[in-house]
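K.L.:
Need coordinates for the following:
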Amino acid sequence: MRGWVTTTVAALRREPATDWAARLAAAQARQLREVQPAQLESWRALIHVLQSAFPDPRSDDWVILLECDLLRLEKRIDAVVLTDRAILVIEFKNNAAGFSPQDAAQAEDYALDLRDFHAACRQHPVVPILLASAAPSPRNDWPLLWHGVTSVLRASAESLPALLARIQSSIPAPDRPLDALAWMAAPYHPVPTIVEAAQRLFARHGVEEIAASRTDAINLGLTTAAIRRAIDQARADGARCVIFVTGIPGAGKTLCGLNLVFGTHATEGAAFLTGNAPLVAVLRGALLLDATKQGRSRRQPGRETRTLLQNVHRFLEHYVREAETAPSEHVVVFDEAQRAWDADQAGRDTQRRRSILTTSEPAHMLEIMHRVPGWSVIIALIGNGQEINTGEAGLAEWGRVVARSGGSWRAVAAPATLQAAEPAQRLAEEQPGWLTLDPDLNLAIPIRSVLHDRATLWVDAVLNDRPQDAAEIAAAGRLPFFMTRDLHALRTALRSRVRGLRRAGLVCSSKARRLRAEGLGVQLHGADDEVVNWFLRRWPDIRASDALEVCATEYSCQGLELDMVGMAWGGDFIREAGHWQARRFSGTRWNRVSHPEMRRYIRNTYRVLLTRARYDTVILIPPGHAEDATRPPQEANAIAAYLQACGVRPLEGLPSCGDALAPQLL
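P.N.:
I've put the predicted structure just below:
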C-alpha cells in the first residue's frame, strides 16, 4: 500500500507545501479527476501542518503516505504516518473549528479498515487522529492500552506536535520496530459489503480489485473466469446456455453477478434479475446516494440502474405480455434462481395483480431469452439452503426445462448441482448430455464473514442437529457468535461495540410472532423506502438499522448484510426431543409444522438470519414467561443450552468490532 505521494518526514520538510500539493494534484489529474481549488488548498494546509509537527530529529526517517487509497470504501486517507512503533491515521479537516462525531467516525473507520484488511497492521497499534486545523486545543481520553485500533484522538494544528510526541512516548518500544518498507509491501485485501461492491462495480472497477480478504478465497476469481469462458463459447457458437453458479451463503455469488452486469458485459447488454425486491431497492438507492455525494446528477444513474437491476417477476410478465418482443440483453443474471416459482405459484393471482404466467418461471425465462437473435446466456445463481417460500421450483425445474428444450439449450454447472441431498435441488439425477461440468462454478469459501472462514459450516451443523460438529468448529478458532438472554444487554452491546462507520441491526424470523411480548414487535416490511432507509441511513436517523428499533426479517435482509447483527430467536423454531421442531402461530397457540417442505423453509429462515453478519452475531434467546403458555421458559432454556453446547459464547466475551482478528485469515 502506498499513497499518491510517499515520503519521509525529513524529505517533506525540504520542499514547499505548494510543491507537494502540486504533486498530489498531478496524481489526481492522472486519474482523469478534476482538481478543485478547495482541495488544492486543503492539501497545502495539511502539508504545512505536518512539516512542523515532528520537531524531534529521531522522527526524520518516519514515512508519510499522503492520499492513501482504501478500495473497500472508495475513499482515501488524508495521511498515514508510519513511526517505529505505530500506524497513525490522520483525517484532516481544513479550517474546521470543531470536532464532529461524523468526522471522528470516519477517522476511526479508516483505522479499522487497515486493521481488518492490511496484513501488516497486526503487531502495532493503529491510532486514528482527527485533525481540525482551526479548532481550540482539545482534551483527549488517553488510551489505557495500546493495541488494535485505539480510540480517536483529536488535535488542532497547534496541538498536533505535542499529541504526536505524547503518542510516541506512551507506546512501549516494540521488540521489532515497524518496518515501513515491509508495511507498504504487505497485502491489503478488503472485503466489500454488497453495497460497496455495487458502487465500485458501477464505477467500472472489476471484481478482481475488490476480491476476498483471504488467499484461500481464490475461487471467486476462478468462478468469474469460468462464467466468462462459458459466455464467450456461447457467443462464438451462436448458442443458448444456462450457467449455474452454486455457493454457500456469503460466498460471493451476487458479487459475481453484479460484476458481469456492471462490468464485463455491460457494453453488449446485460441485466441483473432478482425476485429480491429489498436487494434491488437498496442497491438502486445506494447508487443514487453515491451519485449525490459525488456531486453528479441522479438522472443518468437512475436510468442505468433501472436497466441493469430489474425485478425478475416484472421482467417475465413484460415479455410474456409482449410475446413478439425480444429482450435487448444477450446476458441476464437470475439471482437466487433456486427460488424461481413453479407453475402453480407463477400462475397464482394476488390481491395486487392478475398473473399472466402460464408455466414455471424457468420455462418462461428460457422461452423469452430464446427470442434474442444469435445467442443468449442465463446465469443462474443458486444459493444452497436458502429456500424460504412456498412455490419455489428448485434446481430440478431448471433441469427439466433445459432437457425439454430439445437441444436448443445447453448448460454448464459444477458437480455439486448433481449431488444435493434434496431432490428438488438436484439439476438432474445423473449427468445428461446437455450438461457440461465445471468445478470452478461452485463457490464453497465464504467471504462475507471477516472473522471466521467456517461460520457458515457452523450454522449448517447447528441447524442440522450436529452439536458435536458445531462444537469442534467453534473450538478450532474464534467463533463470531455470542448469546444473551437480555434485550437491553443486546442493544447496549451493539451500540457500544460497533465502531467507526460499521453498521448494526436487529433481525428475526417473520414467523416469530411472540417476540412482540419481549419488546420486539416491530418488523421491517417490504416497502422500498422503508428498507432503503433501514440499510442506508445512519443513527440518529430513527429509520436506520442502528437505531435498533425495527427487526429485519428473512425477506427484507436476504442477499444483504450488516457488520454486526442482533438476532432474536423466536418460538417458531425450538428444541424438542433432541431435535429442531418448526412451528407456526395461529390464534393463541403454536402449532407444529409436520410438512417436510414447510419445516425446511423455517430451518432455512434461520440459516439466512444467522449468516447476515460480517463480524459478529449476538443471538438473543428471550427468557420467556412462566405465565404465558406461548413462551414458556423451558423452551427458551432448551434452545440456549443447545447453542451453548454448540460453542456459542456468552455476550461478555464479545470483543470490540475490529479488534484482533485471526492472523491466519490473511
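K.L.:
what residues are up against residue 408?
P.N.:
Counting by C-beta atoms under 8 Å, 6 or more residues apart in numbering, residue 408 touches 240, 370. All C-beta spots, glycine's among them, are computed from the backbone N, C-alpha and C.
K.L.:
For it, give its distance to residue 432.
P.N.:
14 Å (C-beta to C-beta, to the nearest Å).
K.L.:
Sketch out the strands for the stretch 101-250 of the chain, chain order is fine.
P.N.:
126-132, 153-155, 240-247 (DSSP state E, counting those that start in this stretch).
K.L.:
Let me know which of those is the nearest to residue 591.
P.N.:
strand 240-247 (34.2 Å; C-beta to C-beta).
K.L.:
Can you name the element that comes right after that closest one?
P.N.:
helix 253-259 (DSSP states H and E).
K.L.:
Name the next helix or strand downstream of that next one, please.
P.N.:
Assigned by DSSP H and E, the successor of helix 253-259 is strand 270-274.
K.L.:
Can you give the strand pairings for that following strand, parallel or anti for each?
P.N.:
strand 309-311 (parallel), strand 331-334 (parallel) (DSSP bridges).
K.L.:
Can you tell me which of these is most buried?
P.N.:
The highest mean neighbour count among these, using mean count of other C-beta atoms under 10 Å, belongs to strand 331-334: a mean of 28.
K.L.:
contact partners of that one?
P.N.:
Counting by C-beta under 8 Å, 6+ apart, residues outside strand 331-334 touching it are 231, 257-258, 260-261, 265, 268-274, 312, 315, 340, 365, 369, 376-381.
K.L.:
quick one: the helices in the stretch 1-150 of the chain?
P.N.:
9-14, 17-30, 37-51, 101-117 (DSSP state H, counting those that start in this stretch).
K.L.:
As CSV, those with mean pLDDT would be great.
P.N.:
As requested, these are exported to CSV (pLDDT from 0 to 100):
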stretch, mean pLDDT
helix 9-14, 96
helix 17-30, 93
helix 37-51, 96
helix 101-117, 92
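K.L.:
And the strands in the stretch 451-600 of the chain?
P.N.:
Using DSSP E, counting those that start in this stretch, strands in the stretch 451-600 of the chain cover 481-484, 504-508, 551-552, 562-568, 573-576, 579-586, 589-592.
K.L.:
before we move on, the earlier item: mind checking the strands paired with strand 270-274 for the one nearest to residue 645?
P.N.:
Here strand 331-334 is closest among the strands paired with strand 270-274 (C-beta to C-beta), at 39.5 Å.
K.L.:
which residue sits closest to residue 479, ignoring its sequence neighbours?
P.N.:
The spatially closest residue to residue 479, leaving aside those adjacent along the chain, is residue 647, at 5.5 Å (C-beta to C-beta, 6 or more residues apart in numbering).
K.L.:
Tell me, how many residues neighbour that neighbour?
P.N.:
Neighbourhood size, residue 647 [other C-beta atoms under 10 Å]: 19.
K.L.:
where does it land in three-state SS?
P.N.:
coil (DSSP: H, G, I helix; E, B strand; the rest coil).
K.L.:
who's in contact with it?
P.N.:
Taking C-beta under 8 Å, 6+ apart, one finds 458, 470, 471, 473, 474, 475, 479, 481 in contact with residue 647.
K.L.:
Swap in 6 Å and give it another go.
P.N.:
Residue 647 makes contact with 470, 471, 474, 479, according to C-beta atoms under 6 Å, 6 or more residues apart in numbering.
K.L.:
Please report phi then psi for it.
P.N.:
Dihedral angles of residue 647 (phi, psi; degrees, to the nearest 10) stand at phi 110, psi 0.
K.L.:
Just the pLDDT for it.
P.N.:
Note for residue 647: predicted pLDDT of 96.
K.L.:
any idea how far it lies from residue 566?
P.N.:
19 Å.
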